[in-house]
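Visitor: Sequence plus the predicted model coming up.
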Amino acid sequence: MLRMSTLFLRTLRDDPADAEVASHRLLVRAGYIRRIAAGVYSWLPLGYLTFRNVERVVREEMDAAGFQEVHFPALLPREPYEQTQRWSEYGPDLFRLKDRKGADYLLGPTHEEMFTLMVKGEYSSYKDLPLSIYQIQTKYRDEPRPRSGIIRGREFVMKDSYSFDLTDEGLIDSYNKHRAAYVKTFDRLGLKYNIVSAVSGAMGGSGSEEFLAPCETGEDTYVLCEKCGYAANVEAMKTVVVPVDSKDIGALEEIDTPNTPTIDSLVEVLNAKFGGGFTGADTLKNVLLIADGKTICVLVPGDREVDLKRLQANLPGVQELRLFEDEDFAKNPHLVKGYVGPQGASKHSLPLYADPRIAPGSSWVTGANKKNAHARNVVNGRDFKVESYIDCAEVRAGDTCPKCANPVIIDRAIEIGHIFQLGRKYAQALDLTVLDSDGKSQVVTMGSYGIGVSRAVAAIAEQSHDEIGLCWPQEIAPAQVHIVATGKDDTPFDVAEKLALQCESSGLRVMLDDRRDASPGVKFKDAELIGNPIIVIVGKALADGKVEVRVRKTGERSEVLLADAVGAVSKLLV
RNA sequence: CGGGGCGUAGCGUAGUGGCUAGCGCGCCUGCUUUGGGAGCAGGAGACCGGGAGUUCGAAUCUCCCCGCCCCGACCA
């Protein structure tokens, strides 16, 4: 039983000045966490109970799915990460340190290498597969900008699993098992979430989905089609290419457009010249970039920006991407800033990547590749040739769903889980092979699956709070029932104590506010701030032999006979 | 790394060159109070982020450093 009289807890009346988002503010105020350094937090008793509840749910579901738990060190030697290039590729996000002999170590940001090597050390036959193992481990990433309390920390706890299969079909099967286990886990955690298609990013691999918990303070943006259920991270959102008939479009024609280096100024001139009707969407924006040292041109409708994240996600293999700067224009005199057009790009072997909205056959107004001139009737396929279609324009609410063509909505969310079909990248690099039934050596194919355990605590807090405090789902709350004794003499305290014991013996987790020196107001405020799902008040109503039972989330209150209290509480918790 | 902001007691804050750095919450002692963050009285607690400088005098002005928060870039 948690007794408030002795619990190591100090709640704060004011919001901490450095906390912005609800989860951070309330977890600090309610005495769950304390900041130690940027992105590094301690868990106090209430917080740690909550954290362990989340961890328990995750572990139970992993075990139930037949995955086996292991535990690696957080402190790791350099060598395995050298073999997969990540010692260098991971960059400054990797916490690196040296031991007294000067040998390189790191604090693990993720453990693909260790899992792969562990399996390699033990298994060598296809008969041992499939295998899925996991750990719940503290991870370290020296984030450029930790933020939002425990949502994005530099030290955090993650459950990471890895599956090992001989065949691609096997991988898909393991992937689906994890997916199902994740659904169960997040359902039990009481989280609202969407499963969205994602890009696999730095981890490599093919299929990848994210579990996103919608909330305003989330840092991921995703699209959702409310009609058909299509959901995707904006980076992975697909745009359908619809070719346009261009037979009736006249020949390319140059037009004088003095002093119109921007889309807005161009639209203005066009409308003045041709009697209106033009918008930014009729113009073609040619954005020049340097991709790994090579100049490329990206075509988007004039009313849209290029989304660099989407672009990079869809340009496979490109490590470094940046926009053209003035000095780049200076080096390339054929590219006239403000008047770039795709016609003639092939002459300079400039590759054109087009957003699918620049459909084959579509006609545009665009730059004429010389100052103060534009061209109209510039037709894709006739006047310029696109190297490939690539999703790269900013995504907007109301864009067309690639599945059912209805408008999509855009929402923000916290990423609470991510599942990948990694494939053979790590197994290849670390030479994890098994003998197949023909006695031939085969590279194993892997999946990787993560749940942010500490982040899930914050995500639940984000989704489950109100103005006055936290409102935990019962499985996660520090206690299921929070019993408050109020009054001057011993009776309510004795009754509350007895009731607490009864609740406990009927299997409930109980917190008892047995403080004699705190006023009722303080106890009520604390109970509401702490956020256990049921609050029972032993006080005034005792005169009628009753106690008051409150549901934290709904505010619903009722008085029940003392003898019926345990039953009433249990019933509300079902 | 770019832009903005902040750093004064455990927490929230006042104090823009001048006496012993002020207030609220929290904490300690005593009395009172006990259904919505109680009242009175007394008390403890601050190298004013650090260093250097300007000045008769610096929390306050200048420079450097450190730390933190927010936006952007970046990010399983």
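Guide: Happy to help now that I have it.
Visitor: Surely residue A:127 is within a helix?
Guide: Yes - assessed by DSSP: H, G, I helix; E, B strand; the rest coil, residue A:127 belongs to a helix.
Visitor: now the closest residue to RNA strand B within the stretch 301-450 of chain A, what's its secondary structure?
Guide: Relative to RNA strand B, the nearest point of the stretch 301-450 of chain A is residue A:450 (3.3 Å; CB to the nearest atom of the strand). Just so you know, the C-beta spots here come from the backbone N, C-alpha and C atoms, and that holds for glycine as well. What three-state DSSP gives for residue A:450 is strand.
Visitor: which residues touch it?
Guide: Neighbouring residues of residue A:450 by CB atoms under 8 Å, 6 or more residues apart in numbering: A:110, A:158-161, A:417-419.
Visitor: What pLDDT does the model give residue A:201?
Guide: pLDDT for residue A:201: 53.
Visitor: Same question for residue A:410.
Guide: For residue A:410, the model assigns a pLDDT of 89.
Visitor: Is my assumption valid that it occupies a position in a helix?
Guide: No - according to three-state DSSP, residue A:410 belongs to no helix; its state is strand.
Visitor: how many neighbours does it have?
Guide: Residues contacting residue A:410 under the criterion other CB atoms under 10 Å number 15.
Visitor: didn't it look like it was pressed against residue A:220?
Guide: No - if you go by CB atoms under 8 Å, residue A:410 and residue A:220 don't touch, sitting 11.1 Å apart.
Visitor: The residue lying closest to residue A:16 once chain neighbours are set aside and residue A:529: what is the separation?
Guide: Distance criterion CB to CB, 6 or more residues apart in numbering; nearest residue to residue A:16, sequence neighbours excluded, is residue A:28 at 4.8 Å. Residue A:28 sits 11 Å away from residue A:529, going by CB to CB, to the nearest Å.
Visitor: Compare those two and say which is more crowded by neighbours.
Guide: residue A:28 (22 against 18).
Visitor: Remind me what the helix or strand where the more buried one lies packs against, helices and strands.
Guide: Assessed by DSSP states H and E, residue A:28 sits inside helix A:22-29. Packed against helix A:22-29 by the contact rule (3 or more CB pairs under 8 Å, 6 or more residues apart in numbering; DSSP states H and E) you find strand A:33-37, helix A:453-463, strand A:465-466, strand A:469-470.
Visitor: Burial-wise, tell me which of the ones you listed comes out on top.
Guide: helix A:453-463 (a mean of 26; mean count of other CB atoms under 10 Å).
Visitor: And the contacts of that one?
Guide: A:21-24, A:26-27, A:47, A:50-51, A:54-55, A:58, A:136, A:148-153, A:156-159, A:189-192, A:213-215, A:217-218, A:414-416, A:452, A:470, A:472-473, A:476.
Visitor: Compare the helices and strands packed on helix A:22-29 and give me the one nearest RNA strand B.
Guide: Comparing these by CB to the nearest atom of the strand, strand A:33-37 comes nearest, at 4.4 Å.
Visitor: contacting residues around whichever helix or strand comes after the closest one?
Guide: Reading on from strand A:33-37 to the C-terminus, the next helix or strand found by DSSP H and E is strand A:40-43. Contacts of strand A:40-43 with the rest of the structure, by CB under 8 Å, 6+ apart, involve A:32-36, A:51, A:149-150, A:153-155.
Visitor: can you list the domains in chain A?
Guide: With domains defined by automatic domain parsing, chain A comprises A:29-237+A:410-462, A:253-389, A:472-573.
Visitor: can you map out the helices along the stretch 101-250 of chain A?
Guide: A:112-122, A:168-188 (DSSP state H, counting those that start in this stretch).
Visitor: For residue A:437, find the nearest of these.
Guide: Residue A:437 lies closest to helix A:168-188 among the helices of the stretch 101-250 of chain A, at 13.4 Å (CB to CB).
Visitor: and that closest one with RNA strand B, contact?
Guide: No - judged by CB under 7 Å from any atom of the strand, helix A:168-188 stays clear of RNA strand B, getting no closer than 11.7 Å.
Visitor: List the residues that contact the residue positioned nearest the centre of chain A.
Guide: Nearest to the mean C-alpha position of chain A, counting by CA atoms, centre = their mean, stands residue A:415 at 2.0 Å. Contacts for residue A:415 (CB under 8 Å, 6+ apart) come out as A:210-213, A:218, A:220, A:452, A:455.
Visitor: out of those, who's nearest RNA strand B?
Guide: The closest of the contacts of residue A:415 to RNA strand B turns out to be residue A:452 (CB to the nearest atom of the strand; 4.1 Å).
Visitor: before we move on, the earlier item: go through the helices and strands packed on helix A:22-29 and find the least confident stretch.
Guide: Among these, strand A:33-37 scores lowest, with a mean of 90.
Visitor: Pull up the pairing partners for that strand, direction included.
Guide: strand A:40-43 (antiparallel) (DSSP bridges).
Visitor: list the buried ones in the strand it pairs with?
Guide: By neighbour count with 16 or more other CB atoms under 10 Å, strand A:40-43 contains the buried residues A:41, A:43.
Visitor: next one: stretch A:153-171
Guide: In stretch A:153-171, counting by 16+ other CB under 10 Å, buried: A:153-166, A:170-171.
Visitor: Which secondary structure state is assigned to the residue nearest to the centre of chain A?
Guide: strand.
Visitor: who touches stretch A:172-189?
Guide: A:54, A:57-58, A:61-62, A:64-67, A:130, A:132, A:161, A:163-165, A:193, A:195, A:207, A:209, A:211, A:213, A:416-417, A:419, A:421, A:447, A:449, A:451, A:456, A:460, A:473, A:475-476.
Visitor: Check which residues of that stretch are buried.
Guide: A:174-175, A:177-179, A:181-182, A:185-186, A:188-189.
Visitor: right, and the pair among those with maximum separation?
Guide: Most distant of the buried residues of stretch A:172-189, by CB to CB, are A:174 and A:189, 22.4 Å apart.
Visitor: Residue of the stretch 1-150 of chain A closest to RNA strand B, please.
Guide: Counting by CB to the nearest atom of the strand, the stretch 1-150 of chain A gets nearest to RNA strand B through residue A:38 (3.0 Å).
Visitor: And the pLDDT for that residue?
Guide: Model confidence at residue A:38 (pLDDT) stands at 87.
Visitor: so how many other residues sit close to residue A:226?
Guide: For residue A:226, using other CB under 10 Å, the count is 12.
Visitor: Hmm, residue A:410 and it touching each other?
Guide: No - assessed by CB under 8 Å, residue A:226 is found out of contact with residue A:410, at 11.6 Å.
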